[in-house]
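Student: Kindly return the folded structure for what I paste below:
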Amino acid sequence: MTDSPKPVDVVLIGGGIMSATLGALIKLLQPEWSIAVYEKLGRVALESSNPWNNAGTGHAALCELNYMPQAPDGSVETSKAVAINEQFQVSRQLWSFLISKGLIKDPESFINSTPHMTFVKGADNVEYLRKRYEALSHEPLFAGIEFSDDPRVIYGWSPLLMRDRQKDEVVAATRVPAGTDVDFGSLTKQLFDYITANGATLNTEHNVTGLKKQKDGTWKIAMKHLVGGTPTIVNARFVFVGAGGGALNLLQKAGISEIKGFGGFPISGEFLRTDNPAVVREHQAKVYGKASVGAPPMSVPHLDKRVVDGEASLLFGPYAGFSPKFLKSGSWLDLPRSIRLHNLGPMLAVARDNLDLMKYLIGEVFASRAKKMEALKEFMPTADPKDWYLITAGQRVQVMKKDAKKGGVLQFGTEVITAKDGSIAGLLGASPGASTAVPIMLDLIERCFPSEYPTWVPQLKKMIPSLGTRLNESPAKAKKEISATAEVLNISA
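Tutor: Model prediction:
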(Lines give C-alpha, C1' and ligand atoms only; values in the text may rest on other atoms or scores of the structure.)
Protein backbone atom coordinates (compact mmCIF):
# COMPACT_ATOMS: atom_id res chain seq x y z
CA MET A 1 0.00 0.00 0.00
CA THR A 2 1.27 3.47 -0.89
CA ASP A 3 0.40 6.55 1.16
CA SER A 4 0.66 10.25 0.34
CA PRO A 5 3.43 11.84 2.47
CA LYS A 6 1.33 14.87 3.41
CA PRO A 7 -2.25 16.02 2.83
CA VAL A 8 -3.11 17.24 -0.64
CA ASP A 9 -4.86 20.60 -0.53
CA VAL A 10 -7.59 19.61 -3.01
CA VAL A 11 -8.62 16.18 -4.28
CA LEU A 12 -11.02 16.02 -7.23
CA ILE A 13 -12.79 12.69 -7.68
CA GLY A 14 -14.00 12.27 -11.26
CA GLY A 15 -12.60 13.48 -14.58
CA GLY A 16 -15.56 15.42 -15.93
CA ILE A 17 -16.39 19.06 -16.63
CA MET A 18 -17.29 19.84 -13.01
CA SER A 19 -13.95 18.68 -11.57
CA ALA A 20 -12.09 20.32 -14.45
CA THR A 21 -13.87 23.64 -13.88
CA LEU A 22 -13.30 23.60 -10.12
CA GLY A 23 -9.66 22.65 -10.61
CA ALA A 24 -9.14 25.53 -13.06
CA LEU A 25 -10.78 28.05 -10.72
CA ILE A 26 -8.68 26.96 -7.75
CA LYS A 27 -5.48 26.97 -9.82
CA LEU A 28 -6.26 30.52 -10.96
CA LEU A 29 -7.14 31.73 -7.48
CA GLN A 30 -4.66 29.82 -5.34
CA PRO A 31 -1.88 28.58 -7.65
CA GLU A 32 0.29 27.26 -4.81
CA TRP A 33 -2.35 24.80 -3.61
CA SER A 34 -1.70 21.17 -4.51
CA ILE A 35 -4.40 19.45 -6.57
CA ALA A 36 -4.78 15.73 -7.30
CA VAL A 37 -7.41 14.30 -9.66
CA TYR A 38 -8.56 10.67 -9.56
CA GLU A 39 -10.59 9.20 -12.41
CA LYS A 40 -11.84 5.60 -12.59
CA LEU A 41 -11.66 5.29 -16.38
CA GLY A 42 -8.61 5.38 -18.63
CA ARG A 43 -9.13 8.99 -19.78
CA VAL A 44 -11.03 12.06 -18.66
CA ALA A 45 -14.40 13.09 -20.13
CA LEU A 46 -15.58 9.60 -21.00
CA GLU A 47 -18.90 9.70 -19.14
CA SER A 48 -21.45 12.56 -19.14
CA SER A 49 -18.93 15.15 -20.38
CA ASN A 50 -18.21 13.12 -23.52
CA PRO A 51 -19.73 14.86 -26.57
CA TRP A 52 -21.57 11.73 -27.68
CA ASN A 53 -23.03 11.21 -24.21
CA ASN A 54 -24.76 14.60 -24.11
CA ALA A 55 -26.53 16.81 -26.60
CA GLY A 56 -24.02 19.65 -26.22
CA THR A 57 -26.66 22.31 -26.46
CA GLY A 58 -24.91 24.96 -24.45
CA HIS A 59 -28.05 25.29 -22.32
CA ALA A 60 -29.09 28.94 -22.32
CA ALA A 61 -32.89 28.40 -22.32
CA LEU A 62 -33.04 29.80 -25.84
CA CYS A 63 -34.96 26.82 -27.16
CA GLU A 64 -35.75 24.48 -24.23
CA LEU A 65 -39.46 24.69 -23.44
CA ASN A 66 -39.17 22.89 -20.09
CA TYR A 67 -37.59 26.03 -18.59
CA MET A 68 -40.78 27.99 -19.38
CA PRO A 69 -43.80 25.70 -18.96
CA GLN A 70 -47.27 27.07 -19.55
CA ALA A 71 -49.29 27.61 -16.38
CA PRO A 72 -52.86 26.24 -16.09
CA ASP A 73 -54.20 29.74 -16.80
CA GLY A 74 -52.23 29.85 -20.06
CA SER A 75 -49.59 32.32 -18.87
CA VAL A 76 -45.83 31.88 -19.18
CA GLU A 77 -43.13 33.01 -16.76
CA THR A 78 -39.58 33.91 -17.81
CA SER A 79 -37.64 33.85 -14.51
CA LYS A 80 -36.21 30.31 -14.78
CA ALA A 81 -35.24 30.74 -18.43
CA VAL A 82 -33.53 34.04 -17.62
CA ALA A 83 -31.70 32.46 -14.66
CA ILE A 84 -30.37 29.62 -16.85
CA ASN A 85 -29.19 32.09 -19.48
CA GLU A 86 -27.47 34.21 -16.80
CA GLN A 87 -25.60 31.12 -15.67
CA PHE A 88 -24.48 30.25 -19.18
CA GLN A 89 -23.17 33.78 -19.66
CA VAL A 90 -21.02 33.32 -16.53
CA SER A 91 -19.55 30.14 -18.04
CA ARG A 92 -18.85 31.98 -21.29
CA GLN A 93 -17.01 34.72 -19.43
CA LEU A 94 -14.61 32.30 -17.72
CA TRP A 95 -13.95 30.46 -20.99
CA SER A 96 -13.25 33.81 -22.67
CA PHE A 97 -10.81 34.78 -19.91
CA LEU A 98 -8.93 31.49 -20.23
CA ILE A 99 -8.66 31.89 -24.00
CA SER A 100 -7.59 35.54 -23.81
CA LYS A 101 -4.77 34.55 -21.44
CA GLY A 102 -3.69 31.66 -23.66
CA LEU A 103 -4.51 29.09 -20.98
CA ILE A 104 -6.72 26.95 -23.23
CA LYS A 105 -6.72 26.48 -27.02
CA ASP A 106 -8.59 28.16 -29.81
CA PRO A 107 -12.34 28.40 -29.15
CA GLU A 108 -13.35 26.54 -32.33
CA SER A 109 -12.07 23.37 -30.68
CA PHE A 110 -14.99 23.37 -28.25
CA ILE A 111 -17.61 26.03 -29.12
CA ASN A 112 -19.27 26.92 -32.44
CA SER A 113 -22.12 29.21 -33.47
CA THR A 114 -25.28 27.19 -34.03
CA PRO A 115 -28.73 28.84 -34.06
CA HIS A 116 -31.14 27.54 -31.42
CA MET A 117 -34.70 26.90 -32.57
CA THR A 118 -37.95 25.66 -31.06
CA PHE A 119 -40.44 23.92 -33.37
CA VAL A 120 -44.05 23.03 -32.50
CA LYS A 121 -47.14 21.72 -34.26
CA GLY A 122 -50.83 22.26 -33.60
CA ALA A 123 -52.83 25.40 -32.85
CA ASP A 124 -52.51 25.20 -29.05
CA ASN A 125 -48.74 24.70 -29.17
CA VAL A 126 -48.35 27.50 -31.69
CA GLU A 127 -50.25 29.87 -29.40
CA TYR A 128 -48.07 28.82 -26.44
CA LEU A 129 -44.90 29.37 -28.45
CA ARG A 130 -46.13 32.80 -29.51
CA LYS A 131 -46.71 33.74 -25.85
CA ARG A 132 -43.27 32.44 -24.93
CA TYR A 133 -41.69 34.49 -27.71
CA GLU A 134 -43.55 37.65 -26.72
CA ALA A 135 -42.46 37.25 -23.08
CA LEU A 136 -38.81 36.53 -23.92
CA SER A 137 -38.50 39.23 -26.56
CA HIS A 138 -38.61 41.82 -23.75
CA GLU A 139 -35.72 40.20 -21.85
CA PRO A 140 -32.26 41.69 -22.63
CA LEU A 141 -30.54 38.29 -22.63
CA PHE A 142 -32.95 37.08 -25.32
CA ALA A 143 -32.51 40.02 -27.67
CA GLY A 144 -32.65 38.82 -31.26
CA ILE A 145 -35.18 36.02 -30.74
CA GLU A 146 -37.41 35.57 -33.81
CA PHE A 147 -40.85 33.97 -34.25
CA SER A 148 -42.65 32.73 -37.33
CA ASP A 149 -45.68 30.63 -38.19
CA ASP A 150 -44.96 31.00 -41.90
CA PRO A 151 -43.75 27.67 -43.35
CA ARG A 152 -41.65 29.50 -45.94
CA VAL A 153 -39.73 31.39 -43.25
CA ILE A 154 -39.22 28.25 -41.20
CA TYR A 155 -38.00 26.46 -44.33
CA GLY A 156 -35.39 29.17 -44.72
CA TRP A 157 -34.25 28.60 -41.15
CA SER A 158 -34.14 24.80 -41.43
CA PRO A 159 -35.20 23.07 -44.68
CA LEU A 160 -35.27 19.60 -43.10
CA LEU A 161 -38.10 20.59 -40.76
CA MET A 162 -40.43 21.58 -43.60
CA ARG A 163 -39.54 19.54 -46.67
CA ASP A 164 -42.40 17.16 -47.62
CA ARG A 165 -44.53 18.32 -44.68
CA GLN A 166 -48.32 18.57 -45.16
CA LYS A 167 -49.12 22.06 -46.46
CA ASP A 168 -52.11 22.49 -44.15
CA GLU A 169 -50.19 21.52 -41.00
CA VAL A 170 -50.17 24.29 -38.39
CA VAL A 171 -46.60 24.93 -37.27
CA ALA A 172 -44.47 27.62 -35.68
CA ALA A 173 -40.86 28.14 -34.68
CA THR A 174 -38.62 30.50 -32.81
CA ARG A 175 -34.98 31.10 -33.68
CA VAL A 176 -32.03 32.68 -31.88
CA PRO A 177 -29.06 33.07 -34.27
CA ALA A 178 -26.62 33.52 -31.37
CA GLY A 179 -26.97 29.95 -30.04
CA THR A 180 -23.98 27.64 -29.67
CA ASP A 181 -22.88 24.04 -29.89
CA VAL A 182 -20.41 23.05 -27.15
CA ASP A 183 -18.09 20.04 -27.09
CA PHE A 184 -17.71 19.64 -23.34
CA GLY A 185 -15.38 16.70 -23.81
CA SER A 186 -12.83 18.88 -25.61
CA LEU A 187 -13.25 21.68 -23.07
CA THR A 188 -12.80 19.25 -20.16
CA LYS A 189 -9.57 17.89 -21.60
CA GLN A 190 -8.18 21.37 -22.16
CA LEU A 191 -9.02 22.47 -18.61
CA PHE A 192 -7.23 19.41 -17.24
CA ASP A 193 -4.27 20.12 -19.52
CA TYR A 194 -4.10 23.61 -18.00
CA ILE A 195 -4.15 22.50 -14.37
CA THR A 196 -1.72 19.59 -14.88
CA ALA A 197 0.71 21.87 -16.73
CA ASN A 198 0.62 24.02 -13.60
CA GLY A 199 1.34 21.38 -11.00
CA ALA A 200 -1.81 19.31 -10.57
CA THR A 201 -1.57 15.52 -10.88
CA LEU A 202 -4.04 13.49 -12.93
CA ASN A 203 -4.40 9.83 -11.97
CA THR A 204 -6.58 7.70 -14.26
CA GLU A 205 -7.74 4.13 -13.63
CA HIS A 206 -8.02 4.84 -9.90
CA ASN A 207 -11.21 3.65 -8.20
CA VAL A 208 -12.04 5.36 -4.89
CA THR A 209 -13.23 2.75 -2.40
CA GLY A 210 -13.52 4.73 0.82
CA LEU A 211 -13.73 8.20 2.36
CA LYS A 212 -13.23 8.79 6.07
CA LYS A 213 -12.95 12.00 8.07
CA GLN A 214 -9.85 12.17 10.28
CA LYS A 215 -9.49 13.80 13.71
CA ASP A 216 -7.29 16.54 12.22
CA GLY A 217 -10.11 17.51 9.82
CA THR A 218 -8.58 15.98 6.69
CA TRP A 219 -10.11 13.21 4.62
CA LYS A 220 -8.55 9.78 4.27
CA ILE A 221 -9.28 8.53 0.75
CA ALA A 222 -8.78 4.86 -0.02
CA MET A 223 -8.48 3.81 -3.64
CA LYS A 224 -7.21 1.04 -5.85
CA HIS A 225 -5.35 1.21 -9.15
CA LEU A 226 -7.45 -0.82 -11.58
CA VAL A 227 -4.49 -2.09 -13.60
CA GLY A 228 -1.99 -3.14 -10.98
CA GLY A 229 -4.46 -3.49 -8.14
CA THR A 230 -2.23 -1.44 -5.86
CA PRO A 231 -4.18 0.09 -2.96
CA THR A 232 -3.41 3.71 -2.17
CA ILE A 233 -4.25 6.04 0.70
CA VAL A 234 -4.35 9.80 0.12
CA ASN A 235 -5.13 12.48 2.68
CA ALA A 236 -6.82 15.69 1.56
CA ARG A 237 -7.80 18.95 3.17
CA PHE A 238 -10.71 19.34 0.77
CA VAL A 239 -12.52 16.78 -1.42
CA PHE A 240 -14.84 17.40 -4.34
CA VAL A 241 -16.88 14.45 -5.60
CA GLY A 242 -17.55 15.20 -9.25
CA ALA A 243 -18.12 11.63 -10.28
CA GLY A 244 -21.43 12.09 -12.09
CA GLY A 245 -23.73 9.19 -11.32
CA GLY A 246 -21.07 7.77 -8.98
CA ALA A 247 -21.22 10.80 -6.66
CA LEU A 248 -24.16 9.55 -4.57
CA ASN A 249 -22.37 6.33 -3.58
CA LEU A 250 -19.16 8.15 -2.66
CA LEU A 251 -20.95 10.78 -0.58
CA GLN A 252 -22.77 7.97 1.20
CA LYS A 253 -19.42 6.33 1.94
CA ALA A 254 -18.18 9.62 3.38
CA GLY A 255 -20.97 9.39 5.93
CA ILE A 256 -21.84 13.09 5.95
CA SER A 257 -25.24 13.88 7.42
CA GLU A 258 -26.11 16.18 4.51
CA ILE A 259 -26.49 13.23 2.13
CA LYS A 260 -29.22 11.59 4.21
CA GLY A 261 -32.54 11.36 2.43
CA PHE A 262 -31.04 11.63 -1.04
CA GLY A 263 -31.44 8.92 -3.64
CA GLY A 264 -30.77 8.56 -7.35
CA PHE A 265 -33.16 7.86 -10.23
CA PRO A 266 -31.19 6.67 -13.28
CA ILE A 267 -32.39 7.38 -16.82
CA SER A 268 -30.62 5.99 -19.87
CA GLY A 269 -31.02 6.98 -23.47
CA GLU A 270 -30.11 6.67 -27.12
CA PHE A 271 -29.77 9.03 -30.08
CA LEU A 272 -30.13 8.54 -33.80
CA ARG A 273 -27.07 9.94 -35.56
CA THR A 274 -26.15 10.69 -39.14
CA ASP A 275 -22.80 11.75 -40.58
CA ASN A 276 -24.06 11.98 -44.17
CA PRO A 277 -22.68 15.34 -45.41
CA ALA A 278 -25.63 15.88 -47.75
CA VAL A 279 -28.04 15.68 -44.81
CA VAL A 280 -25.87 17.49 -42.28
CA ARG A 281 -25.26 20.60 -44.39
CA GLU A 282 -29.02 21.25 -44.65
CA HIS A 283 -29.49 21.57 -40.90
CA GLN A 284 -27.41 24.31 -39.32
CA ALA A 285 -29.30 24.51 -36.04
CA LYS A 286 -30.36 22.88 -32.79
CA VAL A 287 -34.12 22.42 -32.80
CA TYR A 288 -36.09 21.51 -29.68
CA GLY A 289 -39.68 20.35 -29.70
CA LYS A 290 -42.21 19.66 -26.97
CA ALA A 291 -41.97 16.63 -24.72
CA SER A 292 -44.53 13.84 -24.91
CA VAL A 293 -47.02 13.57 -22.05
CA GLY A 294 -45.32 11.77 -19.15
CA ALA A 295 -41.82 12.22 -20.57
CA PRO A 296 -39.06 13.60 -18.30
CA PRO A 297 -37.71 17.05 -19.21
CA MET A 298 -34.42 15.56 -20.40
CA SER A 299 -36.35 13.57 -23.02
CA VAL A 300 -37.55 16.59 -24.98
CA PRO A 301 -37.02 15.64 -28.64
CA HIS A 302 -34.42 17.66 -30.48
CA LEU A 303 -32.60 17.58 -33.80
CA ASP A 304 -29.11 18.91 -33.20
CA LYS A 305 -26.15 19.81 -35.27
CA ARG A 306 -23.02 18.64 -33.41
CA VAL A 307 -19.41 19.53 -34.15
CA VAL A 308 -16.89 17.12 -32.62
CA ASP A 309 -13.21 17.15 -33.57
CA GLY A 310 -14.05 19.50 -36.41
CA GLU A 311 -16.56 17.11 -37.99
CA ALA A 312 -20.28 17.90 -38.16
CA SER A 313 -23.04 15.37 -37.49
CA LEU A 314 -26.73 15.43 -36.64
CA LEU A 315 -28.28 13.83 -33.57
CA PHE A 316 -31.96 13.19 -32.91
CA GLY A 317 -33.41 12.07 -29.63
CA PRO A 318 -33.02 11.29 -26.90
CA TYR A 319 -34.93 8.06 -26.64
CA ALA A 320 -35.14 7.68 -22.88
CA GLY A 321 -35.07 4.37 -21.08
CA PHE A 322 -34.47 2.85 -17.70
CA SER A 323 -31.32 1.15 -16.47
CA PRO A 324 -30.25 0.62 -12.84
CA LYS A 325 -26.72 1.70 -13.76
CA PHE A 326 -25.59 5.08 -12.40
CA LEU A 327 -22.82 5.41 -14.98
CA LYS A 328 -22.56 4.23 -18.57
CA SER A 329 -19.62 2.10 -17.40
CA GLY A 330 -21.34 1.33 -14.10
CA SER A 331 -22.83 -1.78 -12.48
CA TRP A 332 -26.31 -3.22 -12.76
CA LEU A 333 -26.30 -3.16 -8.96
CA ASP A 334 -25.76 0.62 -8.68
CA LEU A 335 -29.40 1.40 -7.89
CA PRO A 336 -30.01 -1.31 -5.26
CA ARG A 337 -26.64 -0.58 -3.63
CA SER A 338 -27.63 3.08 -3.22
CA ILE A 339 -30.63 2.25 -1.02
CA ARG A 340 -30.31 3.17 2.67
CA LEU A 341 -32.81 3.36 5.50
CA HIS A 342 -32.66 7.16 5.34
CA ASN A 343 -33.54 7.37 1.62
CA LEU A 344 -35.90 4.40 1.32
CA GLY A 345 -38.96 6.50 2.24
CA PRO A 346 -38.28 9.27 -0.29
CA MET A 347 -37.49 6.70 -3.00
CA LEU A 348 -40.75 4.81 -2.39
CA ALA A 349 -42.69 8.08 -2.43
CA VAL A 350 -41.11 8.99 -5.78
CA ALA A 351 -41.99 5.55 -7.17
CA ARG A 352 -45.58 5.96 -5.97
CA ASP A 353 -45.98 9.40 -7.54
CA ASN A 354 -44.22 8.67 -10.83
CA LEU A 355 -45.83 5.50 -12.13
CA ASP A 356 -46.61 7.22 -15.44
CA LEU A 357 -42.93 8.12 -15.82
CA MET A 358 -41.86 4.53 -15.15
CA LYS A 359 -44.40 3.28 -17.68
CA TYR A 360 -43.09 5.78 -20.24
CA LEU A 361 -39.45 4.79 -19.67
CA ILE A 362 -40.17 1.07 -19.91
CA GLY A 363 -42.10 1.70 -23.13
CA GLU A 364 -39.10 3.59 -24.51
CA VAL A 365 -36.78 0.69 -23.63
CA PHE A 366 -38.81 -1.69 -25.79
CA ALA A 367 -39.52 0.75 -28.64
CA SER A 368 -38.50 -0.65 -32.02
CA ARG A 369 -36.09 1.09 -34.37
CA ALA A 370 -39.03 1.68 -36.70
CA LYS A 371 -40.90 3.53 -33.94
CA LYS A 372 -37.81 5.62 -33.24
CA MET A 373 -37.59 6.53 -36.90
CA GLU A 374 -41.27 7.58 -36.79
CA ALA A 375 -40.40 10.06 -34.03
CA LEU A 376 -37.57 11.45 -36.16
CA LYS A 377 -39.89 11.79 -39.17
CA GLU A 378 -42.23 13.96 -37.11
CA PHE A 379 -39.35 16.43 -37.07
CA MET A 380 -37.83 15.57 -40.43
CA PRO A 381 -40.36 14.02 -42.85
CA THR A 382 -37.67 13.11 -45.40
CA ALA A 383 -35.50 11.14 -42.95
CA ASP A 384 -34.11 8.01 -44.60
CA PRO A 385 -33.40 5.09 -42.23
CA LYS A 386 -30.28 4.25 -44.26
CA ASP A 387 -28.66 7.54 -43.17
CA TRP A 388 -29.19 7.08 -39.43
CA TYR A 389 -27.76 4.76 -36.78
CA LEU A 390 -28.32 4.45 -33.04
CA ILE A 391 -25.75 5.48 -30.46
CA THR A 392 -26.02 5.00 -26.70
CA ALA A 393 -26.12 8.21 -24.70
CA GLY A 394 -24.75 8.74 -21.20
CA GLN A 395 -26.58 7.84 -18.01
CA ARG A 396 -28.37 10.60 -16.10
CA VAL A 397 -29.07 10.14 -12.40
CA GLN A 398 -31.82 12.48 -11.25
CA VAL A 399 -32.06 13.54 -7.63
CA MET A 400 -34.63 12.03 -5.29
CA LYS A 401 -34.92 13.88 -1.99
CA LYS A 402 -37.08 14.22 1.09
CA ASP A 403 -40.17 16.39 0.91
CA ALA A 404 -42.26 17.41 3.91
CA LYS A 405 -45.58 17.10 2.06
CA LYS A 406 -45.06 14.23 -0.36
CA GLY A 407 -42.41 12.24 1.49
CA GLY A 408 -40.10 12.41 -1.50
CA VAL A 409 -39.78 14.25 -4.81
CA LEU A 410 -37.95 13.67 -8.08
CA GLN A 411 -35.86 16.71 -8.98
CA PHE A 412 -34.81 17.38 -12.57
CA GLY A 413 -31.79 19.58 -12.01
CA THR A 414 -28.53 19.73 -10.09
CA GLU A 415 -27.90 19.77 -6.35
CA VAL A 416 -24.66 20.68 -4.59
CA ILE A 417 -24.18 18.73 -1.37
CA THR A 418 -21.75 20.37 1.05
CA ALA A 419 -20.66 19.18 4.48
CA LYS A 420 -21.28 21.64 7.31
CA ASP A 421 -17.56 22.31 7.74
CA GLY A 422 -17.02 22.74 3.98
CA SER A 423 -14.34 20.04 3.84
CA ILE A 424 -16.18 17.89 1.28
CA ALA A 425 -18.75 18.60 -1.40
CA GLY A 426 -20.32 16.79 -4.30
CA LEU A 427 -22.71 17.33 -7.17
CA LEU A 428 -25.84 15.29 -7.81
CA GLY A 429 -28.23 15.51 -10.75
CA ALA A 430 -27.95 16.37 -14.42
CA SER A 431 -29.36 19.02 -16.78
CA PRO A 432 -28.48 21.84 -17.29
CA GLY A 433 -25.23 20.58 -15.75
CA ALA A 434 -22.21 21.19 -17.96
CA SER A 435 -23.43 24.48 -19.42
CA THR A 436 -23.71 25.96 -15.94
CA ALA A 437 -20.56 24.36 -14.50
CA VAL A 438 -18.89 27.70 -13.77
CA PRO A 439 -21.67 29.28 -11.66
CA ILE A 440 -22.20 25.96 -9.88
CA MET A 441 -18.52 25.78 -8.95
CA LEU A 442 -18.47 29.45 -7.94
CA ASP A 443 -21.31 28.76 -5.54
CA LEU A 444 -19.40 25.75 -4.22
CA ILE A 445 -16.17 27.61 -3.49
CA GLU A 446 -18.08 30.39 -1.74
CA ARG A 447 -19.72 27.81 0.52
CA CYS A 448 -16.66 25.64 1.10
CA PHE A 449 -13.99 28.34 1.40
CA PRO A 450 -15.75 31.14 3.32
CA SER A 451 -12.50 32.54 4.74
CA GLU A 452 -10.69 32.72 1.40
CA TYR A 453 -13.61 33.71 -0.83
CA PRO A 454 -13.70 37.44 0.02
CA THR A 455 -10.01 37.73 -0.90
CA TRP A 456 -10.72 35.92 -4.20
CA VAL A 457 -13.55 38.22 -5.32
CA PRO A 458 -11.33 40.90 -6.93
CA GLN A 459 -9.58 38.27 -9.07
CA LEU A 460 -12.87 36.56 -9.88
CA LYS A 461 -14.31 39.85 -11.12
CA LYS A 462 -11.39 40.15 -13.55
CA MET A 463 -12.29 36.72 -14.90
CA ILE A 464 -16.08 37.14 -14.70
CA PRO A 465 -17.04 40.84 -15.04
CA SER A 466 -20.72 40.22 -14.25
CA LEU A 467 -19.99 38.43 -10.95
CA GLY A 468 -22.52 39.46 -8.31
CA THR A 469 -24.79 41.25 -10.78
CA ARG A 470 -27.56 40.32 -13.19
CA LEU A 471 -26.90 41.06 -16.83
CA ASN A 472 -30.59 40.84 -17.66
CA GLU A 473 -31.32 43.89 -15.50
CA SER A 474 -29.37 46.14 -17.89
CA PRO A 475 -29.81 45.90 -21.66
CA ALA A 476 -26.59 47.83 -22.26
CA LYS A 477 -24.55 45.67 -19.90
CA ALA A 478 -26.03 42.46 -21.32
CA LYS A 479 -25.20 43.53 -24.87
CA LYS A 480 -21.67 44.59 -23.88
CA GLU A 481 -20.76 41.33 -22.10
CA ILE A 482 -22.36 39.07 -24.71
CA SER A 483 -20.53 40.92 -27.48
CA ALA A 484 -17.23 40.79 -25.58
CA THR A 485 -17.35 37.03 -25.01
CA ALA A 486 -18.62 36.39 -28.54
CA GLU A 487 -15.62 38.21 -29.98
CA VAL A 488 -13.12 36.18 -27.94
CA LEU A 489 -14.96 32.89 -28.52
CA ASN A 490 -15.39 33.70 -32.23
CA ILE A 491 -19.13 33.09 -32.18
CA SER A 492 -22.23 35.10 -33.08
CA ALA A 493 -23.24 37.76 -30.56
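
Student: Packing partners of the lengthiest helix in the chain?
Tutor: In the chain, assigned by DSSP state H, the helix with the most residues is helix 79-100. Helix 79-100 sits against helix 17-29, helix 184-197, helix 437-448, helix 453-463, helix 475-489, with contacts defined as 3 or more CB pairs under 8 Å, 6 or more residues apart in numbering; DSSP states H and E. (C-beta placed from N, C-alpha, C; glycine too.)

Student: Give the next helix or strand downstream of it.
Tutor: Next along the chain after helix 79-100, taking DSSP states H and E as the criterion, comes strand 111-113.

Student: Go through that next one and flag the buried ones.
Tutor: For strand 111-113, the neighbour count (16 or more other CB atoms under 10 Å) marks 111-113 as buried.

Student: Relative to Phe265, which of those is nearest.
Tutor: Proximity of the buried residues of strand 111-113 to Phe265 (CB to CB) peaks at Ile111, which lies at 30.7 Å.

Student: Of the helices and strands packed on helix 79-100, flag the one that's most buried.
Tutor: helix 17-29 (a mean of 26; mean count of other CB atoms under 10 Å).

Student: and that helix, how far out from the chain's middle?
Tutor: 16 Å (CA atoms, centre = their mean, to the nearest Å).

Student: Could you tell me the angle between it and helix 79-100?
Tutor: 50 degrees (axes from the mean of the first three to the mean of the last three CA atoms, to 10 degrees).

Student: list the helices and strands the helix or strand following helix 17-29 packs on?
Tutor: Note on helix 17-29: by DSSP H and E, the next helix or strand toward the C-terminus is strand 35-38. Secondary-structure packing of strand 35-38 (3+ CB pairs under 8 Å, 6+ apart): strand 8-13, helix 17-29, helix 184-197, strand 201-203, strand 231-241.

Student: how far away is the closest residue to Ala486 other than its chain neighbours from Lys305?
Tutor: Leaving aside its sequence neighbours, Ala486 sits nearest to Ala493 (CB to CB, 6 or more residues apart in numbering; 3.9 Å). Taking CB to CB, to the nearest Å as the measure, Ala493 falls 19 Å from Lys305.

Student: try Glu64
Tutor: 16 Å.

Student: repeat for Glu127
Tutor: Here Glu127 is placed at a distance of 28 Å from Lys305 (CB to CB).

Student: More neighbours: which of the two?
Tutor: Of the pair Glu127 and Lys305, Lys305 is the one with more neighbours under other CB atoms under 10 Å, namely 21 against 16.

Student: Who are the contact partners of that one?
Tutor: Residues near Lys305 by CB atoms under 8 Å, 6 or more residues apart in numbering: 114, 181, 280, 283-286, 312-314.

Student: what residues are up against the closest residue to Ile256 other than its chain neighbours?
Tutor: Spatial nearest neighbour of Ile256, chain neighbours left out: Ala419 (4.6 Å); criterion: CB to CB, 6+ apart. Applying CB under 8 Å, 6+ apart to Ala419 gives the contacts 254, 256, 258, 425.

Student: returning to that earlier point: please list only the buried members of the contacts of Lys305.
Tutor: Buried, going by 16+ other CB under 10 Å: 114, 181, 280, 283, 285-286, 312-314, out of the contacts of Lys305.

Student: Can you check the pLDDT for the most centrally placed residue in the chain?
Tutor: Closest to where the C-alpha atoms of the chain average out (CA atoms, centre = their mean) is Gly433, at 2.8 Å. Note on Gly433: pLDDT of 77.

Student: ok, now Ser292?
Tutor: Reported pLDDT for Ser292: 68.

Student: And Pro297, by the same measure?
Tutor: 62.

Student: ok, now Asn50?
Tutor: Asn50 is given a pLDDT of 89.

Student: tell me the contacts of it?
Tutor: Counting by CB under 8 Å, 6+ apart, Asn50 touches 184-185, 394.
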